[in-house]
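**Q** what would the 3D arrangement of this be:
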Amino acid sequence: VIQCSLDRIWILNTTCARWTDPIVVALAVFSHDSTNTIDEQIQSLQCPQARIIKYAVTDSDDYPVNTLRNIALDAVQTSHLLMIDVDFV
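**A** Numbering: from 1, shown residues only. Predicted coordinates for the structure are as follows:
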């Protein structure tokens with residue numbers, strides 16, 4: 001389980017190279033993020049084991065870390081999980 005914003009999603013490639021089991025990513029999408037940029041960033045990931053769930057952030061002043069984690073946790077389909085920050089590779 002990982003949560004991140006678009007500016008940190010590039011780090012996911014390193015995580016995916018080291019972790020080959022399923023990964024659920026809750027991606028914070030802000031109003032200033034371009035739809036094309038979001039889709040390009042996701043498609044450029046070399047991470048077939050990742051399920052990326054986009055979450056539209058309505059209040060850009062507060063980063064919804066708990067909401068993102070809960071969204072990702074709800075999508076887990078395994079009996080065990082590891083919750084990490086995208087920066088921990």
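**Q** contacts only, for the residue nearest the centre of the chain.
**A** When Cα atoms, centre = their mean is applied to the chain, the residue found nearest the centroid is Val25 (3.0 Å). Residues near Val25 by Cβ atoms under 8 Å, 6 or more residues apart in numbering: 2-4, 9, 12, 50-53, 72, 86. (Each C-beta comes from the backbone N, C-alpha and C, glycine too.)
**Q** so is Gln3 in a helix, a strand, or just coil?
**A** Following DSSP: H, G, I helix; E, B strand; the rest coil, we place Gln3 in the strand state.
**Q** look up how far Pro64 lies from the residue in the chain sticking out farthest from the centre.
**A** The C-alpha centroid of the chain is most remote from Ser79, which lies 20.0 Å away (Cα atoms, centre = their mean). Separation of Ser79 from Pro64 (Cβ to Cβ, to the nearest Å) stands at 27 Å.
**Q** how many other residues sit next to Cys16?
**A** Residues lying near Cys16 (other Cβ atoms under 10 Å) number 18.
**Q** tell me what Arg53 is bridged to.
**A** One thing to correct before we go on: residue 53 is Ile, not Arg. Ala26 (DSSP bridges).
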